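> next one to model:
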Amino acid sequence: MNLKTVGDLAPFYVNLYKNINTSDFKNLPFVTHDSIANNPEAFLVKDRSFVTDVFTGSGYSKKEKRIFMTEKDVQNLQIASKNLLTKLTDLELGKETLIITKLEDQTIAKFSAERIISSLSEKNTILDMYNQKGILESIHTKKPEVIFAPYILMIKLIGYFPQLSQFGIKRVFVGGLSLPDSARKKIESSLDIKVTNMYGCSEAGGFFAAEKDGEQGYHLVSPDYLHLEIIGKDGKPSNKGDIVITTLQKEGTQLIRYKTGDIGEMIKENCDCDYGGQRFKVLGRKDNMKLIGQMNFFFTSDIDEAIISVPGIKDYLIELDCDKDNYDVFRVLVKGTVKENDLINSLKCDDELYRQITNNIIKFQLKKVKELLDSGLGYKTKKIIDKRE
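Alright, predicted model coming up:
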């Protein structure tokens, strides 16, 4: 990998590399969210007049960033996405497709739905993720074979799938966050519906990786579109660490050694498919690492998977809080019929969290509710809310 592969440099990098030996790509400095948020136009390779799409994203920094794409960027991602999904899955282009997303102006979710995912089929219906009535009506009347939906909505719809399967749904693609294995197995084991997780970030233009049927780990859309590295705490390539990406031949917002804010692990074993290229796991997002009790960090995605697997749960929300005596509280709000001991036992996925709860270092609370729960944080909504922040 070298800078020639990247293509022409945006002004930000021309200035950044002025006094740096750029011959060794692995020695180039990393770029973070803040740099793009502070001066987004400095990351443009082409003149602003070439830009056809502008959307926003925040990432774990919570700072809003403007991301630019030219028509060539969009076309390259459309081609790479089609190639990836048709090779890794049995997706047939042109099938009736329901795209569920967060339809707000200039968001990455809306851009990805209207410009990238919709290019997979001419038979598209795009609906807002909060329009639950419209979603169910569309499934009943249009009978889509393919659904693209964010993680948080899939968690909510799991209870409906026994009824929905009769309408011909064959495959669901999940974006935003990966659907936990336990939730995916609930769908795939009891119904003839395949579930595929997709991974990406707003800065790269949306999703740029997907899983192959029946296998763990993500494949990149194309080695010609994006290069991925895993970087350890020492700033050097590692098997596990920060996910760092570099866009190739980009005309809009250019990323060179950009830290996505996610933690990943490279998969060294060869995949039995002929797609090739890098394959990796996403272990969690840095903003989803929580500290609770006596210096115990955990990935909220691990807890998500444990909770959704508990029998009787239809919907849930976890709140991290403090009581009047300043003890940390792990509160689970549940819709459904569930036993407290089953919930606590599910947390054995994190030995230290389980130990501190069972030893009353962290206070555990169960609250049953009647309504569906929504933390209201948007497309990448998590089911764990930290009320201590």
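> show me what contacts Leu320?
Lys290, Ile292, Asp328, Val329, Phe330, Arg331, Ile384, Ile385, Asp386, Lys387, Arg388 (CB atoms under 8 Å, 6 or more residues apart in numbering). From N, CA and C alone the C-beta is placed, and that goes for glycine too.
> the last one touches Glu319, doesn't it?
To tie it back to what came earlier, the one meant is Arg388. No: the pair Arg388 / Glu319 is not scored as a contact, 9.5 Å apart, by CB atoms under 8 Å.
> neighbour count: these two, which is higher?
Set Arg388 next to Glu319 and count neighbours by other CB atoms under 10 Å: Glu319 wins out with 17 against 13.
> buried set for the helix or strand encompassing that one?
Per DSSP states H and E, Glu319 falls inside strand 313-322. Buried residues in strand 313-322, counting neighbours by 16 or more other CB atoms under 10 Å, are found at Ile313, Lys314, Asp315, Tyr316, Leu317, Ile318, Glu319, Leu320.
> return the member of those nearest to Lys259.
Leu320 (25.3 Å; CB to CB).
> how far away is the closest one from Asp181?
24 Å (CB to CB, to the nearest Å).
> distance from the chain centre to stretch 197-210, please.
Stretch 197-210 sits 7 Å away from the centroid of its parent chain (CA atoms, centre = their mean, to the nearest Å).
> contacts made by the host helix or strand of Thr246 with the rest, please.
Per DSSP H and E: Thr246 is located in strand 240-247. Strand 240-247 is contacted from outside by 1, 6, 30, 201, 204, 208, 225-233, 253-260, 262-266, 280, 282-283, using CB under 8 Å, 6+ apart.
> can you flag which of the residues you listed belong to helices?
Val6 (DSSP state H).
> return a ChimeraX selection command for the buried portion of the contacts of strand 240-247.
This is the ChimeraX syntax for the buried subset of the contacts of strand 240-247, where burial follows 16+ other CB under 10 Å:
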select :6,201,204,208,225,226,227,228,229,230,231,253,254,255,256,257,258,259,260,262,263,264,265,266,280,282
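> for the stretch 1-150 of the chain, which segments count as strands?
Remark: strands assigned in the stretch 1-150 of the chain by DSSP state E, counting those that start in this stretch are 51-57, 65-70, 97-101, 124-128, 146-150.
> so which of the ones you listed is nearest Val195?
Once the strands of the stretch 1-150 of the chain are compared by CB to CB, strand 146-150 is nearest, at 9.8 Å.
> rewinding a little: export the buried residues of strand 313-322 as JSON lines, with columns for pLDDT and distance to Ile116.
Formatted as JSON lines, these follow (pLDDT from 0 to 100; distance: CB to CB, whole Å):
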{"residue": "Ile313", "pLDDT": "78", "distance to Ile116": "33"}
{"residue": "Lys314", "pLDDT": "75", "distance to Ile116": "32"}
{"residue": "Asp315", "pLDDT": "78", "distance to Ile116": "29"}
{"residue": "Tyr316", "pLDDT": "81", "distance to Ile116": "31"}
{"residue": "Leu317", "pLDDT": "83", "distance to Ile116": "30"}
{"residue": "Ile318", "pLDDT": "83", "distance to Ile116": "32"}
{"residue": "Glu319", "pLDDT": "84", "distance to Ile116": "35"}
{"residue": "Leu320", "pLDDT": "85", "distance to Ile116": "35"}
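> rebuild the residues you listed as CSV, extending it with distance to Asp53.
Output for the buried residues of strand 313-322, formatted as CSV (distance: CB to CB, whole Å):
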residue, distance to Asp53
Ile313, 39
Lys314, 38
Asp315, 35
Tyr316, 36
Leu317, 34
Ile318, 36
Glu319, 37
Leu320, 37
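> wait, which of the residues you listed is closest to Lys170?
So of these, ranked by how close each gets to Lys170 (CB to CB), first place is Lys314, at 24.2 Å.
> now that closest one: how far from Asn131?
20 Å.
> got it, and Glu145?
In terms of CB to CB, Glu145 sits 20 Å off from Asn131.
> same check on Glu64?
24 Å.
> now swap in Glu215 and tell me
33 Å.
> how about Asp105?
16 Å.
> save the strands of the stretch 1-150 of the chain as CSV, and put in distance to Phe111 and mean neighbour count too.
Output for these, formatted as CSV (distance: least, CB to CB, whole Å; neighbours: other CB atoms under 10 Å):
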stretch, distance to Phe111, mean neighbour count
strand 51-57, 4, 18
strand 65-70, 8, 22
strand 97-101, 10, 24
strand 124-128, 12, 17
strand 146-150, 13, 24
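> just send the ones you listed back as CSV, with mean pLDDT too.
Shown next, in CSV, are the strands of the stretch 1-150 of the chain (pLDDT from 0 to 100):
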stretch, mean pLDDT
strand 51-57, 88
strand 65-70, 92
strand 97-101, 90
strand 124-128, 91
strand 146-150, 88
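> pipe the ones you listed into TSV and attach distance to Arg115 per row.
Formatted as TSV, the strands of the stretch 1-150 of the chain follow (distance: least, CB to CB, whole Å):
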stretch	distance to Arg115
strand 51-57	6
strand 65-70	8
strand 97-101	11
strand 124-128	11
strand 146-150	13
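> of all these, which lies closest to Arg355?
Of the strands of the stretch 1-150 of the chain, nearest to Arg355 by CB to CB is strand 146-150, at 33.6 Å.
> got the angle between that closest one and strand 124-128?
For strand 146-150 against strand 124-128, the angle by axes from the mean of the first three to the mean of the last three CA atoms, to 10 degrees is 20 degrees.
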